[in-house]
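Student: Show me how the following folds:
(one chain, ligands or ions: 2)
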Amino acid sequence: MDSALDHAKNQTVKKSNLLPLTFDSVSFEIGGTKLIKEISTSFEAGSLTVILGPNGAGKSLLLRLGHGLLRPSGGAITWQGTDTGHAQRDQAMVFQRPTMLRRSVAANLHHVLKQRKIARPQRRDIVEDMLQRTGLTRLARAPARTLSVGEQQRLAVARAWSVNPEVLFMDEPAAALDPAATHALEDIIAAIRAAGTKIIMSTHDLGQARRLADDVVFLYRGRMLERATAERFFEKPENDLAEAFLNGELLWWNRKELKPPDHFKVRWQK
Ligand SMILES: Nc1ncnc2c1ncn2[C@@H]1O[C@H](COP(=O)(O)OP(=O)(O)OP(=O)(O)O)[C@@H](O)[C@H]1O
Ligand SMILES: [Mg+2]
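Tutor: Ligands and ions are numbered 1, 2, ... in the order given. Predicted structure coming up:
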């Protein structure tokens, strides 16, 4: 039996290329508010890109725009220079809050593979392999919606990985995971990358970003303030706000204005 990883490797060689994925002066607005502001950048094959930035910076929106769930209000997003929808087929996304089908864990995996028209025997092998790699074999028959949040996140990763996408968007895939599961997920992410998938992911875990990133996009209030190799970014970012972010000093409120509400005063001063 070919493992899913072999399956992934074999397919990677044969696949047509979608990349680079290019953002050309992309903006996105809702109700007159610009949430993404003139972002121009390109995502190349063969590297893992981490999107960093504080809460509300636009990380999830950027990933959704790339995945094609949102359309830009201005500018253009292209795959190898064209904006055809075919790109959807060879890319997958793991969401910040995964949603599961009202079926068993294994059936959730079978479902996506069936949609991609993978033959039943091969499907069974891939499902088994994915369950094993994500530590979910024991839960294969459990209803997916009864899984803990961390287990659901692992299933979401298994589901996305099982279709062997050329590009995988991940929105804080480790947000609900305990340290051991985070470590296991990082191994999985490294394996997906090694099998040739381009990964574009957001994370709040700077240690994880350092461990995984080849290059970094730093967002702040909808703008891309820096794009750099991980080495350069973590050594010394060029942008002051990026540096403040790395030092844990970039807050969504102004630190100078931080004072306790009046009714806290007594306790606060102790
Ligand atoms: N549907 C929407 N309607 C209005 N505002 C929105 C909508 N979706 C996102 N926003 C706003 O856009 C900004 C960017 O949101 P986004 O979810 O991309 O942030 P993020 O960087 O992923 O933050 P977090 O780290 O908290 O996940 C936020 O200020 C958010 O409130
Ligand atoms: Mg987000």
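Student: Just the strands from the stretch 151-270 of the chain, written as ranges.
Tutor: Here the stretch 151-270 of the chain has its strands, by DSSP state E, counting those that start in this stretch, at 167-171, 198-202, 215-220, 223-229.
Student: Can you tell me which of those strands is nearest to residue 44?
Tutor: strand 198-202 (7.7 Å; C-beta to C-beta). (Glycine included, C-beta is placed from N, CA and C.)
Student: Show me the shaky parts of this protein.
Tutor: Counting by pLDDT under 70, the chain has low-confidence residues at 1-16, 85-88, 251-270.
Student: Show me where it has its helices.
Tutor: 4-14, 59-67, 105-115, 120-133, 149-162, 179-194, 206-212, 230-235, 240-246, 265-269 (DSSP state H).
Student: between those helices, which gets nearest to residue 218?
Tutor: Across those, residue 218 has its closest neighbour in helix 240-246 (4.5 Å, C-beta to C-beta).
Student: Tell me which residues of the closest one come out buried.
Tutor: 241-243, 245-246 (16 or more other C-beta atoms under 10 Å).
Student: Please list the outside residues in contact with that helix.
Tutor: For helix 240-246, the external contacting residues (C-beta atoms under 8 Å, 6 or more residues apart in numbering) are 52-54, 206, 218, 220, 225-226, 233-234, 236-237, 250.
Student: Nearest to ligand 1 among those?
Tutor: Of all the contacts of helix 240-246, residue 53 has the smallest distance to ligand 1: 5.4 Å, by C-beta to the nearest ligand atom.
Student: for stretch 130-137, which positions count as buried?
Tutor: Applying 16+ other C-beta under 10 Å to stretch 130-137 flags 130-131, 133-136 as buried.
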